[in-house]
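A.B. asks: predicted model follows, preceded by the sequence.
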There are 2 protein chains.
Amino acid sequence: MTIQQAIPTTTEDLMANAIRALAMDAVQAANSGHPGAPMGMADVATVLFNRFMTVDPRDHSWPDRDRFVMSAGHGSMLVYAINHLLGYDDMPIEQLKRFRQLGSRTAGHPEYGHAKGIETTTGPLGQGISTAVGMALAERMMNARFGSDLVDHFTYVIAGDGCLMEGISHEAIDLAGHLTLSRLIVLWDDNGITIDGGTDLSTSTDQTARFAAAGWHVVSVDGHDKEAVAAAIETARSDPRPSMIACKTIIGYGAPTMQGSHSVHGSPLGPDEIAATREALGWPHAPFEIPAEVRDGWRAVAARGASSRAAWSRRLFDSPNADAFRAAHGPADKAALEAAICAYKHRLSSDAPKLATRKASEMALEVVNGTLPNTVGGSADLTGSNNTRTKGQGPVKPGDYAGSYIHYGIREHGMAAAMNGLALHGGLKPYGGTFLAFADYCRPAMRLSSLMGVPVVYVMTHDSIGLGEDGPTHQPVETIASLRAMPNHLVFRPADAVETAEAWQIAMTETRRPSTLALSRQGLPTVRTRHTDANLTASGAYVLRDPGKRDVTLIATGSEVEIALDAADLLEAEGIRAAVISAPCFELFAEARPETRAAVLGEAPRIGIEAAIRQGWDLMLRPEDGFVGMTGFGASAPASELYRHFGITAEAVAGLAKDLK
Amino acid sequence: MTIQQAIPTTTEDLMANAIRALAMDAVQAANSGHPGAPMGMADVATVLFNRFMTVDPRDHSWPDRDRFVMSAGHGSMLVYAINHLLGYDDMPIEQLKRFRQLGSRTAGHPEYGHAKGIETTTGPLGQGISTAVGMALAERMMNARFGSDLVDHFTYVIAGDGCLMEGISHEAIDLAGHLTLSRLIVLWDDNGITIDGGTDLSTSTDQTARFAAAGWHVVSVDGHDKEAVAAAIETARSDPRPSMIACKTIIGYGAPTMQGSHSVHGSPLGPDEIAATREALGWPHAPFEIPAEVRDGWRAVAARGASSRAAWSRRLFDSPNADAFRAAHGPADKAALEAAICAYKHRLSSDAPKLATRKASEMALEVVNGTLPNTVGGSADLTGSNNTRTKGQGPVKPGDYAGSYIHYGIREHGMAAAMNGLALHGGLKPYGGTFLAFADYCRPAMRLSSLMGVPVVYVMTHDSIGLGEDGPTHQPVETIASLRAMPNHLVFRPADAVETAEAWQIAMTETRRPSTLALSRQGLPTVRTRHTDANLTASGAYVLRDPGKRDVTLIATGSEVEIALDAADLLEAEGIRAAVISAPCFELFAEARPETRAAVLGEAPRIGIEAAIRQGWDLMLRPEDGFVGMTGFGASAPASELYRHFGITAEAVAGLAKDLK
């Protein structure tokens, strides 16, 4: 292959070469990283920013900024280079020199929260494009609520072959096409190269036909022809569908002997090739040196953005919706939610209903959605089973985004990523449901919720063998443990309607971590019949039944708290004093003071009870303590038979208690 | 909608109605289940079996049978009805009467191993079609090895909207299209209905255009027009591409007031609707009664299959490849592998190389692949990083299936499902690689490996913060715990080249469960410098360094065994006697006799060391014991700095040991 534009003829050419130079020099300095994608997509990214992107580096959280997502996250140096050139104050050249070093903001992959202008964490392929679908959906939903004066921006994505091969991209693309997310523009880095070699090693898909089949506007361009790229973006911006622009590029463009090959994908070019690249690109400057002309070009982009932001601020100031708009972007009204949940709990404690916690979740959501104006519900095609839709929640539809309920389709992974995008965009508070066993399907996106600290809420019903006949494929036994293993993630397994309401209260006011609610299919009695204003679930675990001096302590979660209480009755009849601890959230309990934990758990022999595997119970149990739960996969039968079959019964607990005592 | 064929005119019509009747009656008897799909697809399935499928119920494991996969696994009654009608001896009518009951073979979703004629476990949507891609690939690969005389069959799939919306279907479809798997025929149950309502709630994709974009032959038919269905299958069988037949159907076909609606998807029809359905279909027979004419029709299908099987058996008997063919379908040659691994270990112990265990894995694979003739390697586009390809492994290519290495593309989930299919098909022994952090991407298929007990091998490299600069998105910290949580799954984390070889020996001779090998990116010293013929990894954990009487016991896995040994040196210099336990496989250690475990772990204070979270270590540690590892996500920096930063060092271990002692 030859380099068409080796000699730059315009400032825009130089602006692109600045990205290339910074990328290859930073990767070389780190002796680690991916120069290929930033060098290959430098022209496309420069055209995008120079002619279209509206961002203000001095106000990186401006709600109406355009969003830019580098879905091919290994090309992080493209992001860092651009953000440096635009003048973000936390991205000085020293950060680029410390690419991939401990404590720098320039991590190997773009990490949300590490630096301004990073809209989402990417690196696990396919997540960026799928998160961007949520952002573009949020834009339309906020536009429907607040009008084009306040919300009118685009979401741009650079995606690589890996992003488009990952299954999650299918879910995202279908959802975006269905919902006609016209403000979403994906720039595909069509360089024909993956790590193993040419893409022809593993794929024959016609990507433009694929996107067209999903209802997208598609166009193909030479990714090094800036006018063609600009024209394609211009057309895409006015098309009523989401757009995919296939940009034919040369990976590592500019590196004379290595470009166009997979050898340039993921390792430094080396000093010789870098010198030759400088020559070929006509870029005589030292590493990390940017000439004034180029810097001025990029700063003009920032200035244009600042001017747009200023005009927007004036519009917000004049808007009758200003307060509501600001409130939507602020924290949830904790006091209002606490009052509403408290009043609701009062009713519950006296009514003492017997309810599946999934149904109790719906009732709690009626309170939540009646109190917080910006919640957005949804389900991966299990609305009636997850009980995620409350009265008055109209569906979001193609072209009509006023609703607040999303039919995500049978797309758990796409749903989770879209929820990340909805939350990251700002203004909306998403929650979404599926069966707990299918948390596995969305786990990579759940992990990003946790890593980014995005407070989305996963409503995971049918949380044990208690779902019955659907059998082991649908019965989580290890899923709760696997979620408890995830750092920075709250896993709630409420025992009744009261704890369910308390869990919702915490999840919806949490600001720095996601929550999962594990909810039963089967009916459960109210165990919190004595009202407390205090949110006991917030303590993680607490004494539900206190016999005074204890002979044994029974610790249970969710549907097994009922079993623990029944066991305590059986034991009491034999003169054995059993305390019952309800433990709806291990993570919050782990944060309690050691003396609090010790007081709750007591000194007596303990038995943990959970219709799941024991792993993760080390917080609660000592080696000499007992556990009643599962040791393997479940089975297909009515729930009550399964509980007996697997020995998760009050009788079994009482028997074990007598052995331990 | 009206029922076009209410009055059956042919035996084939009656054969289809028998499926409908059995499905609705069994669901009613269970008061649980999904009648909609079996009733909707009864015509398609009847045509498929009556005119095309070649199976012999008396020899359900006949290698050259056609494979049938009910990817829409909730429609399990279609499978059970057909297998009963075909005369499988373990599927008498009593089993259908006990649908979804404890101990019956007729679980809520089809469970591999529960009954003959169930080719794979389905229910989690998208898994069936993706597993079938592996089966269809296995057919071509075995055909390339043994010729059409012995291997010449089709893989048929019934897939629903859910299967096609799931992301994994994208990975599977692309891979199948790329590899031109002409023996794969997917029958899409295009009924326009999902659980939440019409498919137009959540999708606008043109599925036929989508499949065509991936290189498939596509055709659309009326799924209740048997001649049209037959013609489409006939054409599909001769097309050189994989085929997708879009079958326009009415869900719950035959139920007069409920058909065509989502209300017929997942619950019993009720006695009145069932009576009306009998009327409408002209099916006057009592529940679970099948008239002789219908039974004879289905038994003729079985007889045709038996005849084909008999002819095949004669061909096998006459074939010069008979021994090799039988060997490929038998267990691995344990003795040969043990001898080869033992000789290799001997060399390693004396060479004592310093190697990343991913590199050691490649070396072990050279031995494995040189000993076992039917291994099939692969990677999700990380061949050079996972070190999964050995010398002489040619790639499998479109139209050329003689190779034994698969470029799965950036499709971890599709890879895992395809490996399940390769293994289930028989004749091949698959392993495949990705980064350990991306186990999350394939977890639903890994869970099915475990649930089915399919001994595929997952090669998961870059297994901790030791991967360095790629940062927290790529660094597993909770992944090992999440895999250890999965029942019936061996998780190996070998410390050096010797343990890596031992892990491979176990994984490749295991017959009833899958294995994951967690392997380092960074170099590790040989810690097993004293050769043992015995496979110490098979014990799960063993004393690597024995100081006689112990002051403290250090238990480590993988890359942290080196740290434990260094810490023991530091302690020894201070007169403190530290035993070092290498624990490469917790699951195998859990199976050891309690007294063996007690002897290994000893009575002294213990410290667990693993560059991952503590969850899952309760097997090894008591509350008073210590743990040196991770408590949250990692960071982007060179590996050695990260180990220091997170305090996973010999000095930290030694310091903690002094505190505990």
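C.D. replies: Yes, it's here. Numbering: from 1, shown residues only, chains lettered A, B, ... in the order given.
A.B. asks: ok, now how distant is the residue in chain A positioned nearest to chain B from B:Glu412?
C.D. replies: Nearest to chain B, among the residues of chain A, is A:Gly167, at 2.8 Å (Cβ to the nearest Cβ). C-beta here means a position set from N, CA and C on the backbone, and glycine is covered the same way. Distance check for A:Gly167 against B:Glu412: by Cβ to Cβ, to the nearest Å, it reads 9 Å.
A.B. asks: is stretch A:519-536 up against chain B anywhere?
C.D. replies: No - counting by Cβ under 8 Å from any Cβ of the partner chain, chain B is not contacted by stretch A:519-536; separation bottoms out at 11.6 Å.
A.B. asks: try stretch A:623-638
C.D. replies: Yes - interface with chain B: stretch A:623-638 contributes A:Pro623, A:Thr631, A:Gly632, A:Phe633, A:Ala635, A:Ser636, A:Ala637, A:Pro638 (Cβ under 8 Å from any Cβ).
A.B. asks: need the three-state assignment for the fifth one.
C.D. replies: When you say that, I think you mean A:Ala635. coil (DSSP: H, G, I helix; E, B strand; the rest coil).
A.B. asks: could you dump the residues of stretch A:623-638 next to chain B to a markdown table with pLDDT?
C.D. replies: Formatted as a markdown table, these follow (pLDDT from 0 to 100):
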| residue | pLDDT |
| --- | --- |
| A:Pro623 | 86 |
| A:Thr631 | 97 |
| A:Gly632 | 98 |
| A:Phe633 | 98 |
| A:Ala635 | 98 |
| A:Ser636 | 98 |
| A:Ala637 | 97 |
| A:Pro638 | 98 |
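A.B. asks: which of those residues are buried?
C.D. replies: Among those, those classed as buried by 16 or more other Cβ atoms under 10 Å in any protein chain shown are A:Phe633, A:Ala635, A:Ser636, A:Ala637.
A.B. asks: which one of those is nearest A:Val47?
C.D. replies: A:Phe633 (53.4 Å; Cβ to Cβ).
A.B. asks: close enough to count as contact, the closest one and B:Met486?
C.D. replies: No - if you go by Cβ atoms under 8 Å, A:Phe633 and B:Met486 don't touch, sitting 9.4 Å apart.
A.B. asks: hey, what's in contact with both of these two?
C.D. replies: B:Ser450 (Cβ atoms under 8 Å, 6 or more residues apart in numbering or on different chains).
A.B. asks: returning to what we had before: how many residues are close by the residue of chain A closest to chain B?
C.D. replies: By the measure other Cβ atoms under 10 Å in any protein chain shown, the count of residues near A:Gly167 is 30.
A.B. asks: how about it: what's its closest non-neighbour residue?
C.D. replies: In space, and not counting its chain neighbours, A:Gly167 is closest to B:Gly167: 2.8 Å by Cβ to Cβ, 6 or more residues apart in numbering or on different chains.
A.B. asks: which residues touch that neighbour?
C.D. replies: A:Glu166, A:Gly167, A:Ile168, A:Ser169, A:His170, A:Glu171, A:Arg411, A:His413, A:Gly414, B:Gly126, B:His413.
A.B. asks: what's the answer for A:Ala212, then?
C.D. replies: A:Val218, B:Ala209, B:Ala213.
A.B. asks: beyond the host helix or strand of it, next helix or strand please.
C.D. replies: With secondary structure defined by DSSP states H and E, A:Ala212 is part of helix A:207-213. Per DSSP H and E, the first helix or strand lying C-terminal to helix A:207-213 is strand A:217-222.
A.B. asks: quick one: average pLDDT of that next one?
C.D. replies: Mean per-residue pLDDT for strand A:217-222: 98.
A.B. asks: check which helices and strands the following helix or strand past that strand sits against.
C.D. replies: Toward the C-terminal end, the helix or strand that comes next after strand A:217-222 (DSSP H and E) is helix A:226-238. Applying 3 or more Cβ pairs under 8 Å, 6 or more residues apart in numbering or on different chains; DSSP states H and E, one finds that helix A:226-238 contacts helix A:11-30, helix A:42-51, strand A:184-190, strand A:217-222, strand A:243-248.
A.B. asks: give me the neighbour count for A:Pro287.
C.D. replies: 16.
A.B. asks: what's the answer for A:Ala144, then?
C.D. replies: Count around A:Ala144 with other Cβ under 10 Å applied: 15.
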